[in-house]
Each structure stands twice: as structure tokens, then as C-alpha cells.
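K.L.:
Dropping the sequence and predicted coords here.
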Amino acid sequence: MDSPHNTGDMMPVFYIGQHETTRSLPVSDQVLRQAQDCGYDMLTTPITTPHFHASVLSLLTSYNQNHVDGLSDVHQAMPIVPPLKPVDTPLTPSDTISQMIAVTSPWIDLASPDPLIAHLSRQVFNLEIAYAAFCGVMTVLVQGPRLHHGLLHSQGLSQYARAIKEALTLGSYLQLHLLMPMIDNPDSEDGEDLSNLARFARGEYVETHNGKEGRPTDQLGTWDAWNVVRSVCNYSTRLSVALNLPRRLPAIGVQSRWYSEPLRLLCLPASSFLVNARGSFVLSKPHQLFISRCMRLRNAPWILLTDIGPIPGINNPDLILPFSTGILSPGDAADAPSPRSSLSRSPTPAESAQLANQVSRKSKADPTPHLSYIRYLQRNQPPKSIIERFGGGFQDYLQSPLQPLTDNLESITYEVFEKDPVKYDWYERAIAQALRDWKTEGKSTSSTNGAVVIAVVGSGRGPLVTRAIQAGHDAGVQVEVYAVEKNPNAYVLLQRHNEEDWRGLVTIVKTDMRAWKGPLLPNGSHGRVDILVSELLGSFADNELSPECLDGVQHVLNQQHGISIPASYTAHLTPIAAPRLHADIIARFAADPNSFETPWVVMLHQIDYVSTQEPAPQPLTEVNGTRQNQPKVETPLLPDVQTAWSFMHPCSPSVLAQSNVRRGGSASGGGGGATGGDGANEHNTRFAKLSFRCNERGICHGLAGYFETVLYDGIGGKIELSTNPVTMERKSKDMISWFPIFFPLKVPFYAPENSELDVSMWRQTDDRKVWYEWLVESFVSMGGRRVRLGLSDLHSSKSNGCLM
Ligand SMILES: C[S@@+](CC[C@H](N)C(=O)[O-])C[C@H]1O[C@@H](n2cnc3c(N)ncnc32)[C@H](O)[C@@H]1O
């Protein structure tokens, strides 16, 4: 069992900035103060001025004029952009500069296939980055890569990625945020202004096109580009995404993909707002849900309101303005009723006209209506769930798995376990149900007085002992209870509980359960146990060596009727994209070369599932008079989580008999185990080969592991616990004792659309320890054949194995 120490109860805080793509005034201290007075937390500022832009354009023009036709660029000196002059930049080092987001020029094209344009763009970019870093800027917003150049697609992406990598070295403290649209829509790149350098790319480098054929939108196209850039930059933690939210959000799968990436800014352009019945600017339900989801991340992104108009009162410092508190009436903040407006990509002409009216009316009453609405959303975020409150601060935080068998846990760790609102109730239900069934079936017991003998093995500070006693009362069955614990410190508390809470009715035994001979009888012999209750499960079920411990204590179990609670458990897997975890493990790698060979316990949060179940069909919606199937935008897709293997208790006697023969290297025991030792624990090795379908392209950073356990399966049905995201809601909602496990891959694995990821997973043992090995392969079907595209390293946690 593994869990955190935090019960953070805070509501998400929104940091909101204002961004103008063409800001007319330099951001002076006074402008910044005015923005803060209006309720903004930050402002953007361009790094260079229109004057600088004009001088670069004239440099380009004079080069082109002097260019000798037919002579290639290599035979002519390429233009050099001169160093910045004061007139070229509004920035200067100041105390307030860290409150600004500096913006590199959006009119350059680092990805241009024309070497001249790329050359100029790179110079501009490097000058800007270096100067921003010099001034003390911390955060820079960089235009994402231009993907379309005529008919060419992604041609200059590698150049762009290289330039970003270079920029990260130019400013060693700078955080770069790449402004990415959610989807690749070629038309949106067409709308750029006429002075964009991309427009000057020469015909010989850019194949042009007639009309728009051959340029479909690509839902994951911009994500793909981002993936290339950050991979080239080796997952730098100083590189993140500024996501531009369109008016109509893409399918939930695309939203989830971006959600899993290091989102630092959510940019909300004015066009992404709708107008509701009261004439207020509001966001569609899918936008609200996406923002709400993002704001619950451990590192919640900032929100950047983009081109929603200038900062009010900027020219009149004496004007007294109301501050955006977010206290709007529910009517003012009500959702916009018209599904049409939220489904079209940009406001309809009628809406635009209406919008202009609203703006002039609204601005009198509320000078910052967009900001007021976002503050309203902030104030009205749904309260945190039990798991969020319990795990706050532990989202995506890598922890080494506990080893309660080798290590002795601290009291505080037990205390955290004991806060679980579900687990102990379910154990009590399971024990009570088992006792009822025992009575109903008239089974004999191991005691002389008819009491059912229960041993809580690995009892810690005793919560399951309390529940076992209570279950006896619940079921009206007499019980005789033993508490077996090897932790000498917990043993002290167990004895105290026995005196103070259990009226001395429990027999406390301080021993490793594997060495326990069973209840000591008055005649000095050892009796048997009817019900063995244990909680030795880890995040991947068997990773805290429950199978080995329970095998070792099974000799005390009543051979005829004895049962184990839990009766069985299963380990489950699904491939995931977890860029943040991958970046974190890279950062640890220098100090810990085993970091990619460690199964980490982690409260998975900012992840995406690489293989998902087919979404349920959605009801038809009427759009522009026709009934269409709209993608479901509210509920994230469920992952395909598959069962790797299972363990059942009690273990079959013949299996344990064979294990005993092998122990000590007996000649009839087969001459040792396959991976070392005598082979006595070889019955607890497992292997699973699972195949996951990837409908969409994606990237796999590793495998998420979960477990399910059947505590008891009796007359009344099964009583189960689950951390599997597909079943936990149904089986043990709000259980917080276990976080999932993450088996990382050293090299992220690209999974193309309609490919399959085959996962091989082993549980290995050499009689002294247990470890896992994992490997991933990807396949596509070509011409009826299954073609292997890639193969990961064979990872192994042997050097970090769980000691038996
Ligand atoms: C995950 S804790 C559970 C504690 C307690 N049952 C609870 O639910 O809060 C597992 C406990 O089992 C104990 N334990 C693990 N292996 C053991 C062994 N072989 N013999 C005795 N105790 C063991 C550990 O010391 C620890 O107290």
C-alpha cells in the first residue's frame, strides 16, 4: 500500500494575463499597475518594435533587389540583421520585468523552407531571446512552428526545433512557451498579416497550390509538431505549451492529448467567447470543462486573454475602475444558448454585429467583461473530490514503492493509510460476510469453543484487527483474533490497543508471518487459523510481496475450510503518454542511472491514455439544419486496461509442496531456478503478453499499472477493491490508499494511427528478491502482414528489486 501525506483543500487559483498581438503602447510600470488595478496578474510585451520589423523587411527587400538571378544564395552574402538599437525594443531591465511575458516576433518564420527567410528569422529570434534574457525576463511566448508552406507540410519543423533548442541555451533561465493551436488547420495560417516574412518565401522553395484541395485539417497535427520540437529539446523542463483555445474545441481525445502536455498558458482569444442572452461574454460548456480540468493540475496553467481590447483607462490614470471580483449574477454568467455559435469556428456575421453592440454597451457597465467571467469561473469551480483533496500536491509526483517487508514503516505512514474512507469498511464487510457464510454453511472451526479463528497478518497499528472484531459483532459470530506483525514499533502500539481498546481479547504475535507456527494452544502445540486477513498489496497488486508472504503463512491455515481475505488479486496495465513524468525521470537520470528501470508509485494525473475504448455513440445534434453526430466533449475516453496476471489464496497445496521440495536445492527440485536461487519461489513468477490497439497516433512514455482484488467471494457475491480507472468507480469509489504504478520507457515510443502496441511484462524472482521486466513493441498492418515498427529496451528493476 502506498499513499501520500497531504490533504490540500485549496480551491484552484487562476492567474490571468492580458495579451494584445499588436500592443500599441510600451508596457511601462504605469501600464502594468493599471492592468493590475483592473484585476490582471500579468501582461505581455513585445520584445521588439514595429520599427525593428520594418528595418528587417527593408533588409530583405534590398537583398532581393541586389540578388543576381540564377546565382544561388551560397554565392551571395546573406543579409545580417544588425544589433538592436533603443528604437528597436520597448524593453529595458527593470524591477517589474519578471511580471511580464515577453513575446517574440510573430512575423518571423523559423520553419521556412526558403533559406533566406529562415536565416533572417533565426537572427531576429536569437537577438530577441538574448536581449529578453539580458533584461531579466523569465517567461517568453514564442509563436509555434508554421506547418504549411504552399503544398509543403512540416518541411521546416526540424529547423524550428533546432532554433528552439539553441534559444534554450541562449537564455539559461528563460522559460519558453510555444504558442500552439489545438489542431492543425491550414486556413488559420493563411490569415497572417502581409508583412509576415513567410509571405516573402521565394517560389523555388515553396510549391504553391491552387485552391484548398489537399489541405485537410489534422486534429493531432499541431500536437505532432510539438512532440517533434520537445523531443529535439530532450523534454527540457523550460519548454512548455501555450495552448490557443479555438472557438470550437476539438474532440475529447485531442483535448486529453494537450491536457497531458506541460501546459503553461491557456490563451483565450476574444473569438473563443460566446455571447449569452444577457449579452455577456461567456465560454461554451466544453471550454469551461477543459479549463476546469486544467486548473486542477499540480502546475495549473495561467490564462491569457488575447485581443479582448486594450486595458481600460490606460490613457486616463485618474479614472476609477471597478475591479473584477468574479461576482456576477448567475444570469450574467449563464451559458450561451445557441449551439450554433459554439459549433461554428468563428462568430457568424450576425453575431459579430451583435458583438459590436454588446461591447459598447457592456464596456460602460464592466470595463473588463471577459476577465470578470473568468474570475466568475474561478469562484465557481466544483469542490475538490476526496481523492483530489487527499492527493493534492502528490499529482504526478514520483515515489519509490514502499517495501514494508524489508523496511519498518513509520507511524505516520500507517496513519495516512488509516485515513482511507473505503478500504477498511470493505474489509469489514468482507470479513462479516465470510463469517455469515461460515455460519450458514455450518463449517467447523479451528477453535475448541466454536469461535472462528481470524489472524490479521501484517496488522500494522491494528485497524483491520478492530474491523475483524467489529465484523464478528456485525455477523453475530464468535471470533478469536490474532494480530501478527513483524514491525517491532507497531507491535508496541498493538499491545497498547489490546489493553485499551480490545479488552485484551486479541493475541498479539511479534513475528514474520512466514515464521509463525500458528495459535499457541494450552498443550504447547500449535493450532490453525480459519480466516487469514492481510493487506500486503502494492500498487501493482503483488509488488509488496503479498504472494510470498501469504505462501509463507499458509501452513497455519485450516486445511479443510480455511480462507484468505483477500481471496485473489490481479495486476492490470495500459500504455500511457506521460511527458511530465518522462521529463522528471530524465532529470533524475544523472543522479540515479536506474531511474528508467524503476517502477514508480505515482498519482497519475497529467497523462493521456494511448489505447482507449471505443466511445459510446452520441445522440445526433442538429447543426445548420442537418442532423450530425457530434464528438463527445464532456467525458474523457476510457483507457483499454488489460489484466496481466492473477494470484489466488490459499495457493494450491501441490504447488507449495513442489516449492518445498525445491527449497534448499534438493536434487529432485529441478536443479535451481531459471533466474537464480533454488527455484522455490518460481511458482510466483508470471508473464503476460498484451496487445493494445492505438486508434489515434500518440506517444507512449511507459505503462500504467493498477490492481483489483476480490476480498471475498461468497453467497452474497464479490466484495472488491480496485484502482483500475475503468472499474474503481463501481468497485471502490473514493478509495485513496493506493496510487498507480508507472513502468517507464527510456526512449518514448511513437505509436502511429491504427497501430498496435505489444507489451511483454515479467514478474521474476531468484528466491531472494522479486523484480519486474518490461518491453514494448509496435506493429502496423501492411498488405495483410503485421510489420514491426519499433522495439523498446528490455527494462528491468532487478537492481531495485523487492527483497524477500
Ligand atoms: C501495508 S501495511 C498494512 C498495515 C495494516 N494492516 C493496515 O491496513 O493499515 C503492511 C503491514 O504488514 C507488515 N508485514 C509485511 N510483511 C510482513 C511479514 N512477512 N510478516 C509480518 N508482517 C509483515 C508490515 O510491517 C506492515 O505493518
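P.N.:
Ah, there it is.
K.L.:
Just give me the residue closest to the centre of the protein.
P.N.:
In the chain, the centroid-proximal residue (Cα atoms, centre = their mean) is residue 606; its distance is 1.7 Å.
K.L.:
Model confidence score at it, please.
P.N.:
Residue 606 is assigned 95 on the pLDDT scale.
K.L.:
wait, it sits on residue 582?
P.N.:
No. Look at residue 606 against residue 582 with Cβ atoms under 8 Å: they stay out of range, at 11.3 Å. Where you see a C-beta, it was placed from the backbone N, CA and C, and this is true even at glycine.
K.L.:
hang on, the earlier thing: so when I look at the residue nearest to the centre of the chain, I'm seeing a helix, right?
P.N.:
No. Under DSSP: H, G, I helix; E, B strand; the rest coil, residue 606 sits outside any helix and is assigned coil.
K.L.:
next one: phi and psi at it?
P.N.:
Dihedral pair for residue 606: phi -90, psi 70, per degrees, to the nearest 10.
K.L.:
downstream neighbour of the helix or strand where residue 586 lies in the secondary structure list?
P.N.:
Using DSSP states H and E, the element containing residue 586 is helix 579-589. Remark: after helix 579-589, the chain's next helix or strand is strand 600-601, criterion DSSP H and E.
K.L.:
quick one: average confidence on that next one?
P.N.:
97.
K.L.:
What are the contacting residues of it?
P.N.:
Applying Cβ atoms under 8 Å, 6 or more residues apart in numbering, the external contacts of strand 600-601 come out as 2, 398-402, 538-539, 581, 585, 739-742, 744.
K.L.:
Tell me which of those fall in strands.
P.N.:
741, 742, 744 (DSSP state E).
K.L.:
Which of the helices and strands in this structure ranks last by mean pLDDT?
P.N.:
Least confident helix or strand, the chain: helix 339-343 with a mean of 48, by mean pLDDT, DSSP states H and E.
K.L.:
show me where pLDDT drops low in the stretch 451-600 of the chain?
P.N.:
Within the stretch 451-600 of the chain, not a single segment meets pLDDT under 70.
K.L.:
Oh, that last question was meant for the stretch 651-800 of the chain, not what I typed.
P.N.:
In the stretch 651-800 of the chain, residues with pLDDT under 70: 667, 669.
K.L.:
Run through the strands of it in chain order.
P.N.:
686-694, 698-714, 717-722, 741-751, 755-765, 769-782, 785-791, 795-796 (DSSP state E, counting those that start in this stretch).
K.L.:
just those: most buried one?
P.N.:
Ranked by mean neighbour count under mean count of other Cβ atoms under 10 Å, these are led by strand 698-714, which reaches a mean of 25.
K.L.:
in the stretch 101-250 of the chain, which spans are helices?
P.N.:
Along the stretch 101-250 of the chain, counting by DSSP state H, counting those that start in this stretch, helices occupy 115-135, 157-170, 186-190, 221-232.
K.L.:
Residues of the stretch 351-500 of the chain that sit close to the ligand?
P.N.:
Contact residues (Cβ under 6 Å from any ligand atom) of the stretch 351-500 of the chain with the ligand: 404-405, 409, 414, 417-418, 458-460, 463-464, 484-487, 490.
K.L.:
Of those, which belong to strands?
P.N.:
484, 485.
K.L.:
which of the residues of the stretch 351-500 of the chain next to the ligand has the most neighbours?
P.N.:
Greatest neighbour count in these, by other Cβ atoms under 10 Å, goes to residue 459: 30 neighbours.
K.L.:
quick one: contacts for that residue?
P.N.:
Contacts of residue 459 (Cβ under 8 Å, 6+ apart): 465, 483, 484, 485, 490, 494.
K.L.:
same question, residue 408
P.N.:
486, 487, 488, 489, 490.
K.L.:
how far away is the nearest residue to residue 689 once chain neighbours are set aside from the ligand?
P.N.:
What sits nearest to residue 689 in space, not counting adjacent residues and going by Cβ to Cβ, 6 or more residues apart in numbering, is residue 760, at 5.3 Å. Using Cβ to the nearest ligand atom, to the nearest Å, residue 760 is found at 29 Å from the ligand.
K.L.:
Over to residue 718?
P.N.:
20 Å.
K.L.:
Of the strands of the stretch 651-800 of the chain, which is nearest residue 589?
P.N.:
strand 741-751 (8.7 Å; Cβ to Cβ).
K.L.:
So the residue in the stretch 151-300 of the chain positioned nearest to the ligand: helix, strand or coil?
P.N.:
Taking Cβ to the nearest ligand atom, the ligand has its nearest neighbour within the stretch 151-300 of the chain at residue 298, 25.5 Å off. Under three-state DSSP, residue 298 falls in the coil class.
K.L.:
ok, it - how many residues close by?
P.N.:
Counted with other Cβ under 10 Å, residue 298 comes out at 16.
K.L.:
Farthest pair within the contacts of residue 408?
P.N.:
The most distant members of the contacts of residue 408, if one measures by Cβ to Cβ, are 486 and 489, lying 10.6 Å apart.
K.L.:
Can you name the helix or strand that the residue sitting furthest away from the middle of the chain falls in?
P.N.:
Relative to the centre of the chain, the most outlying C-alpha is that of residue 523, 58.7 Å out, by Cα atoms, centre = their mean. Taking DSSP H and E as the definition, residue 523 sits outside all helices and strands.
K.L.:
Fine by me, we can end here.
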